[in-house]
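Asks: got a predicted model here, sequence first, then my questions.
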Amino acid sequence: GAVVSQHPSRVICKSGTSVKIECRSLDFQATTMFWYRQFPKQSLMLMATSNEGSKATYEQGVEKDKFLINHASLTLSTLTVTSAHPEDSSFYICSATTGLAGPSSAKNIQYFGAGTRLSVL
Amino acid sequence: ILNVEQSPQSLHVQEGDSTNFTCSFPSSNFYALHWYRWETAKSPEALFVMTLNGDEKKKGRISATLNTKEGYSYLYIKGSQPEDSATYLCASKNGGSQGNLIFGKGTKLSVKP
């Protein structure tokens, strides 16, 4: 159980194009989804947190007009990299939880997709 | 700025060896510590969520301990197998349930047959 599917796994695009990445919870309802970015040899860095039906909360330094996040249903969130440039090339990965609860609750566990490798030429 | 450090960065062991690695995290306003196992081209898989000082958790040959006062956690693998080869990530959540997970860079374990 608790499977998160992320597509595509890899995308190569030309500079100036927009790229959409999908994150789906297959067997549970994800009240909260997270989008992370990882540069080579660095840690996963949170970009934004989204709750179903509301606007995403972006971390400091992440441009919300550049990285559009939509969480239209309890099983789907999308990240669109608009007008991608070579510096946006990175590994993007999503995760989902069933909710926020007490510290030892399983609801705090984040279930991850397998990530998307974006290369912008 | 909250920082989570993991050491070593990478580790090469022989099949059957036992091994351990470290995660250091901020002890102030500590809420929870997560361990994940991440195989190449797959999704990170949650191993443990630990919250209380002195916590010890075990899953098969893998176990973890937690010291919230000094801000460190150890992950132990007993009798390593090639299928244990993966990157092990730890992440700290501070400041309550609304806090974000702050990840370390991971420890990459390679187990040779």
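Replies: Sure thing, it's come through.
Asks: for chain B, give me the ranges with low pLDDT.
Replies: B:1 (pLDDT under 70).
Asks: shaky segments in chain A?
Replies: In chain A (pLDDT under 70), the answer is A:1, A:99-107.
Asks: look up phi and psi at the most centrally placed residue in it.
Replies: The centre of chain A sits closest to residue A:35, judged by CA atoms, centre = their mean, with a distance of 2.9 Å. Backbone torsions of residue A:35, given as degrees, to the nearest 10, read phi -120, psi 130.
Asks: excluding chain neighbours, what is closest to residue A:91?
Replies: Once flanking residues are discounted, residue A:91 sits nearest to residue A:38: 4.5 Å by CB to CB, 6 or more residues apart in numbering or on different chains. C-beta: built from backbone N, CA, C; applies to glycine.
Asks: just grab the bridge partners of the residue nearest to the centre of chain A for me.
Replies: residue A:48, residue A:94 (DSSP bridges).
Asks: ok, it to residue B:63 distance?
Replies: 32 Å (CB to CB, to the nearest Å).
Asks: likewise for residue A:121?
Replies: 46 Å.
Asks: next one: residue B:36
Replies: Residue B:36 is 15 Å from residue B:63, by CB to CB.
Asks: cool, and residue B:86?
Replies: 16 Å.
Asks: was I right about the residue nearest to the centre of chain A contacting residue A:44?
Replies: No. Look at residue A:35 against residue A:44 with CB atoms under 8 Å: they stay out of range, at 10.2 Å.
Asks: now the common contact residues for those two.
Replies: residue A:93 (CB atoms under 8 Å, 6 or more residues apart in numbering or on different chains).
Asks: now the residue nearest to residue B:62 when sequence neighbours are not counted, which residues is it bridged with?
Replies: Distances taken as CB to CB, 6+ apart place residue B:77 nearest to residue B:62, at 5.4 Å, with adjacent residues excluded. Going by DSSP bridges, residue B:77 is paired in beta bridges with residue B:19, residue B:62.
Asks: next: residue B:50.
Replies: Beta-bridge partners, per DSSP bridges, of residue B:50: residue B:33.
Asks: could you count how many residues lie near it?
Replies: The tally of other residues near residue B:50 (other CB atoms under 10 Å in any protein chain shown) stands at 22.
Asks: could you do residue A:9 as well?
Replies: Residue A:9, neighbours per other CB under 10 Å, totals 12.
Asks: still on that earlier bit, who's more crowded, residue A:121 and residue B:63?
Replies: residue B:63 (17 against 10).
Asks: break down chain B into its strands, ranges please.
Replies: B:5-7, B:10-14, B:19-24, B:30-38, B:45-50, B:56-59, B:62-67, B:72-77, B:86-94, B:101-103, B:107-112 (DSSP state E).
Asks: circling back to that earlier point, wait, doesn't the residue nearest to residue A:91 sit right on residue A:47?
Replies: No. Checked against CB under 8 Å, the pair residue A:38 and residue A:47 is beyond contact range at 10.4 Å.
Asks: between the two, which contacts overlap?
Replies: Contacts common to residue A:38 and residue A:47, judged by CB under 8 Å, 6+ apart, are residue A:92.
Asks: which one of the two is surrounded by more residues?
Replies: Between residue A:38 and residue A:47, counted using other CB under 10 Å, residue A:47 has the larger neighbour count: 23 against 18.
Asks: pairing partners for residue A:70 in the sheet, please.
Replies: Beta-bridge partners of residue A:70, as defined by DSSP bridges: residue A:78.
Asks: got the contact list for it?
Replies: A:50, A:77, A:78, A:80.
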